[in-house]
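**Q** Quick one: sequence and predicted model below, then my questions.
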Amino acid sequence: MKKSNIIAATAAASILPFAALSFANAAEDYHMKVDRKLLQSSTGIAELHRDLDRQAREICESVGYNMREVSRFHSCKEDVLDIAIEKIDHSRLTGYHNSEGLSPRFSENR
């Protein structure tokens, strides 16, 4: 799944405790849950990032990438995670993401 094939929809209103991020490609829609309460503390930021990473992995597995296609799987997961971080648009979450060596590639393929 290339970034150019993913369309990211807008996140739900930030006042909701849980927001949903939606992604779509030509055939399917994908949704990620975001617990916005976790954005209020550094431990919450780390927990949210782990949860987003898990959800990104599940999305990529659901489209058929598996560990036999390691580079495609990791590229898919990074793309989905980068888009989620970008759509959430929270400075501390973005900073955490960047510090984990998972620097977003927002300008790539756009």
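**A** Good, I have the coordinates. Residues are numbered from 1 along each chain as shown.
**Q** Scan the chain for its longest helix.
**A** helix 42-62 (DSSP state H).
**Q** could you point out which element follows that one?
**A** helix 70-88 (DSSP states H and E).
**Q** tell me which residues in that next one are buried?
**A** 73, 75-85, 87-88 (16 or more other Cβ atoms under 10 Å). C-beta coordinates here come from the backbone N, C-alpha and C atoms, glycine included.
**Q** Equivalent analysis for stretch 33-51, please.
**A** Those would be V34, R36, L38, L39, G44, I45, L48, H49, for stretch 33-51 by 16+ other Cβ under 10 Å.
**Q** for the longest helix of the chain, packing partners?
**A** In terms of contacts (3 or more Cβ pairs under 8 Å, 6 or more residues apart in numbering; DSSP states H and E), helix 42-62 is packed against strand 29-35, helix 70-88, helix 91-99.
**Q** Rebuild those as TSV, extending it with distance to R57 and mean pLDDT.
**A** Shown next, in TSV, are the helices and strands packed on helix 42-62 (distance: least, Cβ to Cβ, whole Å; pLDDT from 0 to 100):
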stretch	distance to R57	mean pLDDT
strand 29-35	11	81
helix 70-88	5	88
helix 91-99	15	93
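**Q** could those be laid out in CSV, adding distance to D53?
**A** CSV is the format used below for these (distance: least, Cβ to Cβ, whole Å):
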stretch, distance to D53
strand 29-35, 11
helix 70-88, 6
helix 91-99, 10
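**Q** what's the closest of these to V63?
**A** Taking Cβ to Cβ, helix 70-88 is the member of the helices and strands packed on helix 42-62 nearest to V63, at 7.2 Å.
**Q** For G64, which of the helices and strands packed on helix 42-62 is the nearest?
**A** Here helix 70-88 is closest among these (Cβ to Cβ), at 9.6 Å.
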